[in-house]
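>>> Mind folding the following:
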Amino acid sequence: MQDERELKRQRRKQSNGESARRSRLRKQAECEELAQRVEILTEENSTLRSEVTRIRSEYEQLLSQNASLKERLGETPKGQEDSRTGKNDQHSGNDNQQAVETELVQSGH
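Modelled structure (predicted):
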């Protein structure tokens, strides 16, 4: 009877030890997986930050270009004489706009 109890205790002890070992392995694997995920997300974050910086720079450049083009469009008010033709042309604003649009297409924007 005493031997049976001792045998059960030994089996339980062994079973608990194996269970604890499996639990430690699972936790270690989970920790490694989380470390890999941190590395991937850190790299992705860096890439996205670079992209945001690039897009901001492009945005600022386009704002400046837009302001410049708007200023050029406003240089020849409608109804004033067109210096190229000497005519009083109501469509000179449209000509300016077409020139600006052509410039945009040629510059790739």
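>>> Low-confidence regions, the protein specifically.
75-100, 103-109 (pLDDT under 70).
>>> Just the element for Glu32, please.
Assessed by DSSP states H and E, Glu32 sits inside helix 2-73.
>>> Packing partners of that helix?
helix 92-107 (3 or more CB pairs under 8 Å, 6 or more residues apart in numbering; DSSP states H and E). Using the backbone N, CA and C atoms, a C-beta is placed for each residue, glycine as well.
>>> ok, Asn45 - contacts?
Residues in contact with Asn45 (CB atoms under 8 Å, 6 or more residues apart in numbering): none are found.
>>> how much space between it and Thr102?
41 Å (CB to CB, to the nearest Å).
>>> same check, this time on Gly74
Look at Gly74 and Thr102: by CB to CB, they are 18 Å apart.
>>> With Val52 instead?
32 Å.
>>> Ser68 too?
Distance of Ser68 to Thr102, given as CB to CB: 15 Å.
>>> Any idea how many residues pack against Arg72?
Applying other CB atoms under 10 Å, we find 14 residues neighbouring Arg72.
>>> How about Leu73?
Using other CB under 10 Å, Leu73 has 14 neighbouring residues.
>>> Okay, it and Glu4: tell me how far apart.
Separation of Leu73 from Glu4 (CB to CB): 99 Å.
>>> What of Val52?
Note on Val52: its distance to Glu4, by CB to CB, is 70 Å.
>>> next one: Arg11
Taking CB to CB, one finds Arg11 at 11 Å from Glu4.
>>> Next: Gln36.
Counting by CB to CB - Gln36 and Glu4 are separated by 48 Å.
>>> Next: Leu25.
Taken as CB to CB, the span from Leu25 to Glu4 is 32 Å.
>>> do the same with Tyr59
Distance of Tyr59 to Glu4, computed by CB to CB: 80 Å.
>>> Same question for Glu58.
Plainly put, Glu58 is 80 Å away from Glu4 if you go by CB to CB.
>>> Name the residue in these two with the higher neighbour count.
Neighbours per residue (other CB under 10 Å) separate Glu58 from Glu4, with Glu58 holding more: 11 against 8.
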